[in-house]
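Undergrad: Give me a model of this one.
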Amino acid sequence: MAPLPATMPVAVFGRREITVEDRPVPALEPHDVLVEVGHCGVCGSDLHFVIDGWGRPGSIGGHEWSGVIAAVGSEVSRWSVGDRVVGGVHSCGECRYCQAGRPTLCTGRGRVGSGEWQGAFAGYVREHEEALNRVPDGLSARVAALAEPLAVALHGITLSGARPGQRVLVTGAGPIGSLVTAALLARGVTDVTVSEPGERRRQLATALGAATVTPDQLVAPDWPSSVVEEPFDAVLECSGRASAMEAALGQLVAAGTLVLVGAGIDPPRFDPNRIILNELIVTGAFCYDADGFTDALDLLAGGRLATDLLIEDNDIALSGLLDAMEGLAAGDIAGKVMVAGPMGRHDDP
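TA: Residues are numbered from 1 along each chain as shown. As a prediction, the model looks like this:
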């Protein structure tokens, strides 16, 4: 591998603006690894940071990445220059949540969106060696970059308890909702309905193999103790919209489970009597199962997901990020948008 440059291009977030600048290539601590970014997907949280103004101005986002190791710290022993990897989670392994197999609730992790963490909308990204996952042979770097959002989708499915033979509703068919849908079908949950207002995204859900409805077709029962005529065993709410969260609760069978996967600013207003009288479970899903990245990479390498449908055809450059975010926020783009690493090494087999 060629000698490392002193600086690299990065996309710097502002309030509904993104600028491409040169920044120093990160220096490494003993257990750090420097990865040249191959591809990085645009996440809904990136939209919240830029379009909705949640982010810290001057920050560098992008956490759905794949790449090739360009340098390792002095104490790193399990990784070598040239290894193909995706990012993951680094937790303490000792707190009550890590011990319970819930590493994303680790008490040692910082508050979401805080700190000086630098994302992968950049030439290189620095990670702790324990946070990395090896890309299986034969899996392209472009598809491997789906591992992070797919791990998020799988965590939501785990918490929903959805299994073959059950009816499942997915509200919102953006990139995460589409991955949830594809993963459910790949795991044998064949009775999947997707609620989505956008025609292009409904078409994607249909192409994946789901039935579709529009949100106005989800009518709640008149009484808190009643259920709809054809209720769902589980609902995974992926839009982050308060109205969708409220509608989702009314579609559940007694003892059903609502999982909130999508984040949003406006809070929903739930009827507590519906939850009590039907003994419903309402929970959030934040990030990943303990083995989420392994499961996601296995699923991707097994070829059971229609990744040609789930990823937009054309990759973009850092300079195209804001336009892509605007298109995603408007629902004009249905699939996952991939940013090609600016150093030019995308290393697909």
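
Undergrad: In stretch 193-205, which of the residues would be classed as buried?
TA: By neighbour count on 16 or more other Cβ atoms under 10 Å, the buried set for stretch 193-205 is 193-196, 198, 201-202, 204-205. Quick note: C-beta positions are derived from backbone N, CA and C, even for glycine.

Undergrad: wait, stretch 79-86
TA: 79, 83-86.

Undergrad: can you tell me which of these are in strands?
TA: Those of the buried residues of stretch 79-86 mapping onto strands are 84-86, per DSSP state E.

Undergrad: that older thread, could you dump the buried residues of stretch 79-86 to TSV with pLDDT?
TA: Rendered in TSV, the data for those read as follows (pLDDT from 0 to 100):
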residue	pLDDT
W79	97
D83	97
R84	97
V85	97
V86	97
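
Undergrad: Which of those residues sits closest to C287?
TA: For the buried residues of stretch 79-86, the residue nearest C287 by Cβ to Cβ is V86; the value is 14.2 Å.

Undergrad: Just to check, that closest one is in contact with A144?
TA: Yes - if you go by Cβ atoms under 8 Å, V86 and A144 touch, sitting 5.4 Å apart.

Undergrad: circling back: which member of the ones in strands among the buried residues of stretch 79-86 is positioned nearest G292?
TA: Distances from G292 to those, taken by Cβ to Cβ, are shortest for V86, at 11.5 Å.

Undergrad: which residue ranges form the helices in the stretch 201-349 of the chain?
TA: With helices called from DSSP state H, counting those that start in this stretch, the stretch 201-349 of the chain shows them at 242-249, 272-277, 292-301, 307-310, 321-330.

Undergrad: In CSV, list the C-alpha atoms belonging to stretch 242-262.
TA: Listed next in CSV are the C-alpha coordinates belonging to stretch 242-262 (Å, rounded to 0.1, in the frame of the first residue of the first chain):
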residue,chain,number,x,y,z
ALA,A,242,-45.4,10.2,15.3
SER,A,243,-48.6,9.5,13.2
ALA,A,244,-47.1,6.2,12.0
MET,A,245,-46.2,5.2,15.6
GLU,A,246,-49.7,5.9,16.8
ALA,A,247,-51.3,4.1,13.8
ALA,A,248,-49.0,1.1,14.4
LEU,A,249,-50.2,0.5,17.9
GLY,A,250,-53.8,0.1,16.6
GLN,A,251,-52.8,-2.7,14.2
LEU,A,252,-51.6,-5.2,16.8
VAL,A,253,-53.2,-8.4,18.0
ALA,A,254,-53.6,-8.8,21.7
ALA,A,255,-50.2,-9.4,23.3
GLY,A,256,-48.6,-8.1,20.1
THR,A,257,-45.3,-6.2,20.0
LEU,A,258,-44.5,-2.7,18.6
VAL,A,259,-40.8,-2.0,18.0
LEU,A,260,-39.8,1.6,17.4
VAL,A,261,-36.8,1.5,15.1
GLY,A,262,-37.1,4.9,13.4
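
Undergrad: Now it: buried residues?
TA: Quick answer for stretch 242-262 (16+ other Cβ under 10 Å): 244-253, 256-262.

Undergrad: do the same with stretch 15-22
TA: Buried residues in stretch 15-22, counting neighbours by 16+ other Cβ under 10 Å, are found at I18.

Undergrad: Give me the contacts around that stretch.
TA: 7-12, 50-51, 53, 57, 318-319, 321-322, 325 (Cβ atoms under 8 Å, 6 or more residues apart in numbering).

Undergrad: Measure how far the helix or strand of the chain with the lowest mean pLDDT is from the centre of its chain, please.
TA: Taking mean pLDDT, DSSP states H and E as the measure, the helix or strand of the chain with the lowest value is helix 44-50, at a mean of 87. Averaging C-alpha positions (Cα atoms, centre = their mean, to the nearest Å) puts helix 44-50 12 Å from its chain's average.

Undergrad: Next: stretch 42-54.
TA: 12 Å.

Undergrad: That stretch spans what distance, first to last residue?
TA: From its first residue to its last, stretch 42-54 covers 16 Å (Cα to Cα, to the nearest Å).

Undergrad: which outside residues touch that stretch?
TA: 13-18, 55-56, 59, 61-64, 113, 148-149, 174-176, 240, 262-263, 265, 321-322, 324-326, 328-329, 336-339.

Undergrad: how about low-confidence regions in the stretch 1-150 of the chain?
TA: 1-2, 110-116 (pLDDT under 70).

Undergrad: separation between P3 and T171?
TA: For P3, the distance to T171 (Cβ to Cβ, to the nearest Å) stands at 50 Å.

Undergrad: So the two - more neighbours on which side?
TA: T171 (28 against 6; other Cβ atoms under 10 Å).

Undergrad: Do a quick rundown of the strands in the stretch 101-250 of the chain.
TA: For the stretch 101-250 of the chain, the strands defined by DSSP state E, counting those that start in this stretch occupy 124-128, 133-134, 167-171, 191-195, 211-213, 232-237.

Undergrad: Make JSON lines out of the ones you listed and add distance to A220.
TA: What follows is the strands of the stretch 101-250 of the chain, written out as JSON lines (distance: least, Cβ to Cβ, whole Å):
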{"stretch": "strand 124-128", "distance to A220": "44"}
{"stretch": "strand 133-134", "distance to A220": "41"}
{"stretch": "strand 167-171", "distance to A220": "13"}
{"stretch": "strand 191-195", "distance to A220": "13"}
{"stretch": "strand 211-213", "distance to A220": "14"}
{"stretch": "strand 232-237", "distance to A220": "12"}
